[in-house]
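Asker: Okay, here's the prediction I keep looking at, along with the sequence it came from:
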Amino acid sequence: DTGVSQDPRHKITKRGQNVTFRCDPISEHNRLYWYRQTLGQGPEFLTYFQNEAQLEKSRLLSDRFSAERPKGSFSTLEIQRTEQGDSAMYLCASSLSNEGYTFGSGTRLTVV
Amino acid sequence: AQRVTQPEKLLSVFKGAPVELKCNYSYSGSPELFWYVQYSRQRLQLLLRHISRESIKGFTADLNKGETSFHLKKPFAQEEDSAMYYCALRGGGATNKLIFGTGTLLAVQP
């Protein structure tokens, strides 16, 4: 287990296209989080899973955003009809119960 | 509302000088506070958490509930400490999310 993996590392897409990102957490971690980070800002919470259940969603997560974690393992974050304002680094993290997070390297999305 | 404030975007010190990265929070209950660090071209990683009361890489942080602060300190800065530092808060109850500050870039000059 090499930690939290995210794929792809970079994604350039045209406005209006759909994109999907994948996150593979540390295998024994039951909690998985998605964050978004833009330049000059700290990570902003998007959503959180405990096992396969999505327990919390931020108001930042518009209806164009959807996240899943089937079988409580990997997770996907999909953005439909991308907009230029969606350009950001999308970070995934996992944790075991109330321990600190382990972050992935992120997926940098650029919408042109 | 839960909020984390890091008032300094950049802190520049010389090697060997003391460092204090400021973090103030807003939360009505008993929060859990963390410091995360991101070195150049590396992923965000946990530096320390207040409940551990430990020193990592010479850094310490004490939770001051009266001043609602969790400042990060190191007595003698090293060049390898240059990085982006984020303070984060986790509120109690059902929520498990971390709320991050905007970060402080620490630049240690030789």
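Answerer: Great, that's in hand. Quick caveat, the model's predicted, so the values are computed rather than measured.

Asker: which regions of chain A lie under the pLDDT threshold?
Answerer: The model of chain A has pLDDT under 70 over residues A:1.

Asker: Might you name the residue of it sitting closest to chain B?
Answerer: A:Gly42 (3.4 Å; C-beta to the nearest C-beta). Backbone N, C-alpha and C define where each C-beta goes, glycine included.

Asker: In contact with the nearest residue to that residue once chain neighbours are set aside: list those residues for me.
Answerer: Leaving aside its sequence neighbours, A:Gly42 sits nearest to B:Phe100 (C-beta to C-beta, 6 or more residues apart in numbering or on different chains; 3.4 Å). B:Phe100 sits next to A:35, A:42-44, B:4, B:36, B:86-88 when contact means C-beta atoms under 8 Å, 6 or more residues apart in numbering or on different chains.

Asker: let's see 7 Å
Answerer: Counting by C-beta atoms under 7 Å, 6 or more residues apart in numbering or on different chains, B:Phe100 makes contact with A:42-43, B:4, B:86, B:88.

Asker: can I get these in CSV with distance to B:Lys74 and neighbour count?
Answerer: Below are those laid out as CSV (distance: C-beta to C-beta, whole Å; neighbours: other C-beta atoms under 10 Å in any protein chain shown):
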residue, distance to B:Lys74, neighbour count
A:Gly42, 21, 21
A:Pro43, 23, 29
B:Val4, 20, 23
B:Tyr86, 16, 25
B:Ala88, 18, 26
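
Asker: Give me the subset of those residues lying in helices.
Answerer: When the contacts of B:Phe100 are checked against helices using DSSP state H, none is located there.

Asker: Just the closest of those residues to B:Asn64, please.
Answerer: B:Val4 (14.3 Å; C-beta to C-beta).

Asker: separation between the closest one and chain A?
Answerer: Using C-beta to the nearest C-beta, to the nearest Å, we find B:Val4 at a distance of 8 Å from chain A.
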